[in-house]
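Engineer: Next one to model:
(2 chains)
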Amino acid sequence: MLSNPPRTCAAVTGLGVTCPIGESTAEYLRSLTSGRSGIRRWLDVDERVLSRVGGDMSDFDLDAHFGRHEGRYAEACLKRARRSLRATPLAAKLTASAAMQAFADAGLMGDVVDPHRIGHVLGGHNLQLRYQHDNFETFREEPDFIDPLFGLMALDTDVLSVTSEVLGIKGTTMTVGAACASGNLALLAGLDLVRSGRADVVLVTGAAMDLDAVWLQGWTIMEALAYRSFNDEPTRASRPFDRRREGFVPSVGAGAVVLESPAHAHARGATAHAELLGAYATSAASRSTRPDLDTQVLAMRGALNDAGVTADQIDYVNAHATSTLLGDAIEVAALKAALERRAFRIPVNSTKSMLGHCLTSASVLELVATILQIEHRFVHPTINLEEPDPELDLDFVPGKARPHSIQLAMSNAFGFGGLNSSVIVGRARD
Amino acid sequence: MTRDHIFTVLKSNLEKVVDGARGKEVSEAQSLLKDFGADSLEVVEVVSRTMKELKLKIPRTALSEANDIGQLVDLFVRAAEAA
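Structural biologist: Sure, this is the predicted structure:
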């Protein structure tokens, strides 16, 4: 399994985010540098739900968002976006707006590439939970008054399709679902599309999962969420690797990257932010929420092998690190097993300490965070790491960002049901 | 509930949903499909939004009888009288 020769990489030519700590990569970078939390009390979630805090985007204003990006989008694209997203539920608005940023960043506005050679892989599932919940409530009162387009817009594939409609994408498009590893699995699928030559350009979106009260309560009952100590101190709730961590803090946001064959990017004069060098995924063959050490290690080793690099070449890890007791501990053990002595010599941080856990989109947002750190030669802090867990003894960059030069980075994502994944990204070569 | 009020709500939803209706004169003699280029899903959306806003129900099977905006307003008027 681990003896494959390294394969072609994909150039990452576009980045975009719409999430609680940034509605542009510039704002996202500022938050990462300064250690700003995006967690607050939920604005409008049933008061009976025990967990009261998260990364809330329910007050997202699409017109104001487009105002922030004035002049970046082709007129026809903006017109399609305003029309198509007008009555579309939140998850699609967030996802499409992140995708538009990535497209503009890659210089793809204005039909510069044959749209049949552009693919789209959307990472995510169960995306429109709040929208569905609201319509179930309406149905209970009066079945005729549910959203007339419910039968279309409740589908996860509607988020894929409306985003492709806005951007005019006509190649291979699909959704990829893998719980909280969905983003990394979408990157894996996108990389394979580029490597196989099925597409010259692939948009990979980490789709926002718009959460509702029932799901929040469900995860709370399973003891997966932070709900005991920090409901009145939202910005302190997500605390990966800290002794007082007590569960993940859910968040709503979307990320997007444009992958492209290096030859294609070079031929059209596109600038690469970074290179996606490898990706790998394993299954623990279990429906359990309990993380599985052995298959996490295999995912990391597989990604290194797929990228054609060794553990000693990795100089930064963006950890999955959700702030759960068991999850953080097992990931640290897996990092030590996969990277051996190298694990003790490099920074390992958690974007979720600031952003919370964006679930299906988390790993695309974390890839963007990783690439920004590569480009700007720093590592962002793991905030709220105030009382280190003595069992967890790597360099987690507590509290404050610091300069750091990264050539090669690893980014992990693990999902309920033993879904393990890792990707390797490197500095763009001249 | 007056006929004028029903027409105003319907017109407002038509302008919100159908691009081709924005900034144009709307009269009862016009057709959503032919005069404003609405597609069938947009017609459903205009009618459903109006039903919800007015808190009136029109049988879905009756919608196909309405050939123009005036006949659609008639259906709402009948529903209001029956309510």
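Engineer: Name the residue closest to the centre of chain B, please.
Structural biologist: Centroid check for chain B by CA atoms, centre = their mean gives B:Leu10 as the closest residue, at 4.6 Å.
Engineer: Let me see the confidence value for the closest residue in space to it that isn't next to it in sequence.
Structural biologist: Of all residues not flanking B:Leu10 in the chain, B:Thr50 sits nearest, at 5.1 Å (CB to CB, 6 or more residues apart in numbering or on different chains). Where C-beta positions appear, they are placed from N, C-alpha and C, glycine not excepted. Looking at B:Thr50, its pLDDT stands at 95.
Engineer: for B:Thr50, what are its contacts?
Structural biologist: Residues in contact with B:Thr50 (CB atoms under 8 Å, 6 or more residues apart in numbering or on different chains) are B:6, B:9-10, B:13, B:76.
Engineer: if we take those residues, which one ends up nearest to A:Lys79?
Structural biologist: B:Asn13 (20.8 Å; CB to CB).
Engineer: So what's the residue count around that closest one?
Structural biologist: 20 (other CB atoms under 10 Å in any protein chain shown).
Engineer: on that earlier part again, mind listing what's buried along the host helix or strand of the residue nearest to the centre of chain B?
Structural biologist: Using DSSP states H and E, B:Leu10 maps to helix B:3-17. Within helix B:3-17, the residues that count as buried by 16 or more other CB atoms under 10 Å in any protein chain shown are B:6-7, B:9-11, B:13-15, B:17.
Engineer: How far off centre is it?
Structural biologist: Mean-position distance between helix B:3-17 and its chain equals 7 Å (CA atoms, centre = their mean, to the nearest Å).
Engineer: repeat for stretch A:215-222
Structural biologist: With CA atoms, centre = their mean, you get 21 Å for stretch A:215-222.
Engineer: Buried residues of that stretch, list them for me.
Structural biologist: A:215-217, A:219-220.
Engineer: Next, count neighbours for residue 73.
Structural biologist: No chain specified, so I'll use chain A. Neighbour number of A:Tyr73 under other CB under 10 Å is 21.
Engineer: I was thinking of chain B, sorry if that wasn't clear
Structural biologist: The number of residues near B:Val73, taken as other CB under 10 Å, comes to 20.
Engineer: Please identify the helix or strand for it.
Structural biologist: B:Val73 belongs to helix B:69-82 when elements are defined using DSSP H and E.
Engineer: Could you do A:Ala189 as well?
Structural biologist: helix A:182-196.
Engineer: residue contacts, the spatially closest residue to A:Pro381 that is not a sequence neighbour?
Structural biologist: Distances taken as CB to CB, 6+ apart put A:Gly35 closest to A:Pro381, at 4.5 Å, once the chain neighbours are dropped. Contact analysis of A:Gly35 by CB under 8 Å, 6+ apart lists A:354, A:380-381, A:383, A:399-401.
Engineer: Leaving out the residues flanking it, which one is nearest to A:Leu129?
Structural biologist: A:Asp212 (4.4 Å).
Engineer: for A:Thr163, same thing?
Structural biologist: Nearest one to A:Thr163, counting by CB to CB, 6+ apart, is A:Ala96 at 4.4 Å.
Engineer: again with A:Ala178
Structural biologist: Per CB to CB, 6+ apart, closest to A:Ala178 is A:Leu185, 4.1 Å.
Engineer: Wait, the one you found touches A:Leu122, no?
Structural biologist: No. The pair A:Leu185 / A:Leu122 is not scored as a contact, 10.9 Å apart, by CB atoms under 8 Å.
Engineer: Who has more neighbours out of those two?
Structural biologist: A:Leu122 (35 against 25).
Engineer: so the more buried one touches A:Val162, yeah?
Structural biologist: No. Look at A:Leu122 against A:Val162 with CB under 8 Å: they stay out of range, at 10.6 Å.
Engineer: contacting residues around the residue in chain B that chain A sits nearest to?
Structural biologist: In chain B, the residue that lies nearest chain A is B:Ser48 (3.6 Å; CB to the nearest CB). The neighbourhood of B:Ser48, defined by CB under 8 Å, 6+ apart, consists of A:144-145, A:147-148.
Engineer: Go again with 7 Å.
Structural biologist: Applying CB atoms under 7 Å, 6 or more residues apart in numbering or on different chains to B:Ser48 gives the contacts A:Pro148.
Engineer: Would you double-check that it falls in a strand?
Structural biologist: No. B:Ser48 sits outside any strand when classified using DSSP: H, G, I helix; E, B strand; the rest coil, being helix.
Engineer: quick one: the helices in chain A?
Structural biologist: Under the criterion DSSP state H, chain A contains helices at A:25-34, A:62-68, A:75-85, A:90-105, A:129-141, A:150-153, A:156-167, A:182-196, A:213-221, A:262-267, A:293-307, A:325-339, A:352-355, A:362-376.
Engineer: and B:Gly70, which of those helices is closest to it?
Structural biologist: helix A:75-85 (27.3 Å).
Engineer: Quick check: buried residues in that closest one?
Structural biologist: A:77-78, A:80-81, A:84-85.
Engineer: will you turn those into JSON lines that also has distance to A:His376 and pLDDT?
Structural biologist: Below are these laid out as JSON lines (distance: CB to CB, whole Å; pLDDT from 0 to 100):
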{"residue": "A:Cys77", "distance to A:His376": "28", "pLDDT": "95"}
{"residue": "A:Leu78", "distance to A:His376": "29", "pLDDT": "96"}
{"residue": "A:Arg80", "distance to A:His376": "33", "pLDDT": "94"}
{"residue": "A:Ala81", "distance to A:His376": "29", "pLDDT": "96"}
{"residue": "A:Ser84", "distance to A:His376": "34", "pLDDT": "93"}
{"residue": "A:Leu85", "distance to A:His376": "31", "pLDDT": "95"}
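Engineer: Out of those residues, flag the one nearest to B:Asp68.
Structural biologist: The nearest member of those to B:Asp68, counting by CB to CB, is A:Ser84 at 27.8 Å.
Engineer: ok now do that closest one, which residues does it touch?
Structural biologist: Residues counted as contacts of A:Ser84 (CB under 7 Å, 6+ apart) are A:162, A:165-166.
Engineer: Looking at those residues, state which has the most neighbours.
Structural biologist: That'd be A:Val166 among these, by other CB under 10 Å, with 24 neighbours.
Engineer: Show the contacting residues for it.
Structural biologist: Contacts of A:Val166 (CB under 7 Å, 6+ apart): A:77, A:80-81, A:84, A:96, A:100.
Engineer: Could you provide these in TSV, with additional columns for distance to A:Leu359?
Structural biologist: TSV is the format used below for the contacts of A:Val166 (distance: CB to CB, whole Å):
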residue	distance to A:Leu359
A:Cys77	28
A:Arg80	28
A:Ala81	24
A:Ser84	24
A:Ala96	18
A:Met100	22
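Engineer: what's around residue 24, how many residues?
Structural biologist: Unless you meant another one, I'm taking chain A. 20.
Engineer: look at chain B instead
Structural biologist: Around B:Lys24 there are 13 residues (other CB under 10 Å).
Engineer: Looks to me like it is in a helix.
Structural biologist: No. Counting by three-state DSSP, B:Lys24 falls outside a helix, being coil.
Engineer: Could you measure from it over to B:Leu14?
Structural biologist: Shown here: B:Lys24 relative to B:Leu14, a distance of 9 Å by CB to CB, to the nearest Å.
Engineer: Residue numbers of chain B in contact with chain A?
Structural biologist: Counting by CB under 7 Å from any CB of the partner chain, the positions of chain B adjacent to chain A are B:19, B:41, B:44-45, B:48, B:51-52, B:57.
Engineer: and chain B, which of the buried residues of stretch A:215-222 reach it?
Structural biologist: Answer for the buried residues of stretch A:215-222 near chain B: none qualify (CB under 7 Å from any CB).
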